[in-house]
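1. Curious how this folds, go ahead:
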Amino acid sequence: MSATLCLLSTLGGYVLSAALLFRCPTLLHSKKRQSFRCRHISHRGGAGENLENTMAAFRHAVQLGTDMLELDCHLTKDEQVVVSHDTNLRRTTGFNVNIETINFSDLPLYNCRLHVSFKRDGFCDGGDDKRIPLLKEVFDAFPTTPINIDIKVDNDLLIEKVCDLVMEYNRQDFTVWGNGSEAIVKKCYRMNPNIPLLFSLQKVLLLVGLFYTGLLPFVPFREQFLEIPMPTIMLKLKGPCKISWTQRLGIWLADTLLMRKCLFEHLRARGIQVYIWVLNDEEDFKRAFDLGATGVMTDYPTRLKTFLESYSFKEQ
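-> Have a look, this model is predicted:
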């Protein structure tokens, strides 16, 4: 009887402690310092309104008042850090060549028309700017704009050079970097622990597991930015006729597990910002902010700006 009572007391104490720390995480964890907060994030500069990852796209988004630019980095053969999503340039330029095998000066121009990855049947017809830019050009042009850098390949030299540029331009307080790969995120942290980190896919899965087992309030994280997809957008991208019932079930399950308002509130209380990607419709914008997301990443910065001008935010 005493053993049972001891077990129940211990279990009850754990449950109460977990509940208290979930609601008031700063009792155990220091709230992370935030140099900036972002609601409006332009994915690849706004790939639905200008050719992705071009200076024209970045200028347009900044002129609209975006809070953050999201972009992707690779290293050329002559060791220049360039802004491009794909390793291979066939999709974007028509040339079947990897960036790492070609010098910066020889990089081909983008095609005049590119598919918008997160908009079904969406295309962007380019303007005059079809050039793949250097990361330093972006830093030069937008010295105070927060930038979210996806390190696209596990390359030590690429990570080192991106870090050097961030430090050269004194951007360590408003640059975020990382990748879905835990190996890349660890290298980023070892290279410079003062540059804010993204959660890797592995850490996102761990986060979800901790949340549903009640252990999340007890576990510290060095990452400061959680970027996750809204799974239901897959239904829009593929179309209802092209999704099997098993895929629908998987999307529903992933959406149910990830899109949790209480999870987002807990993370925000710890100073961890929550960004949801890549949303291009008003109904998805609304759902994300209603759930308590800190920010939304979009291919259509003008559309998101219009939405934000009329959306009524509760105090976060």
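2. Just after the helix or strand bottoming out on mean pLDDT in the chain, pick out the following helix or strand.
-> When the helices and strands of the chain are compared on mean pLDDT, DSSP states H and E, helix 2-23 comes out lowest with a mean of 79. Following helix 2-23 in sequence order, the next helix or strand is strand 40-43 (DSSP states H and E).
3. C-terminal to that next one, what's the next element?
-> Downstream of strand 40-43, the next assigned helix or strand under DSSP H and E is helix 55-64.
4. Name the residues that touch the helix or strand following that following helix?
-> Following helix 55-64 in sequence order, the next helix or strand is strand 68-75 (DSSP H and E). Outside strand 68-75, the residues that touch it by Cβ atoms under 8 Å, 6 or more residues apart in numbering are 36, 38, 40-45, 53, 58, 61-62, 81-85, 87, 99-100, 135, 138, 142, 145-153, 155, 157-158, 161-162, 176, 295, 297. Bear in mind the C-beta positions are built from the backbone N, C-alpha and C, glycine included.
5. what angle separates strand 68-75 from helix 55-64?
-> Interaxial angle of strand 68-75 relative to helix 55-64 (axes from the mean of the first three to the mean of the last three Cα atoms, to 10 degrees): 160 degrees.
6. For the residue lying closest to Phe139 once chain neighbours are set aside, grab phi and psi.
-> Closest residue to Phe139 apart from its sequence neighbours, by Cβ to Cβ, 6 or more residues apart in numbering: Tyr169 at 4.4 Å. For Tyr169, the backbone dihedrals (degrees, to the nearest 10) come out as phi -90, psi 10.
7. Tell me if I'm right that Tyr169 and Pro143 touch.
-> Yes. Taking contacts as Cβ atoms under 8 Å, Tyr169 lies within contact range of Pro143: 6.7 Å.
8. Between the two, which is the more surrounded one?
-> Tyr169 (16 against 11; other Cβ atoms under 10 Å).
9. picking that back up, neighbour count says what about the contacts of strand 68-75? Which are buried?
-> In terms of neighbour count (16 or more other Cβ atoms under 10 Å), the buried residues within the contacts of strand 68-75 are 38, 40-45, 53, 58, 61-62, 81-85, 99, 135, 138, 142, 145-153, 155, 158, 161-162, 176, 295, 297.
10. count of neighbours near His266?
-> Neighbourhood size, His266 [other Cβ under 10 Å]: 20.
11. so is it in a helix, a strand, or just coil?
-> Classification of His266 using DSSP: H, G, I helix; E, B strand; the rest coil returns helix.
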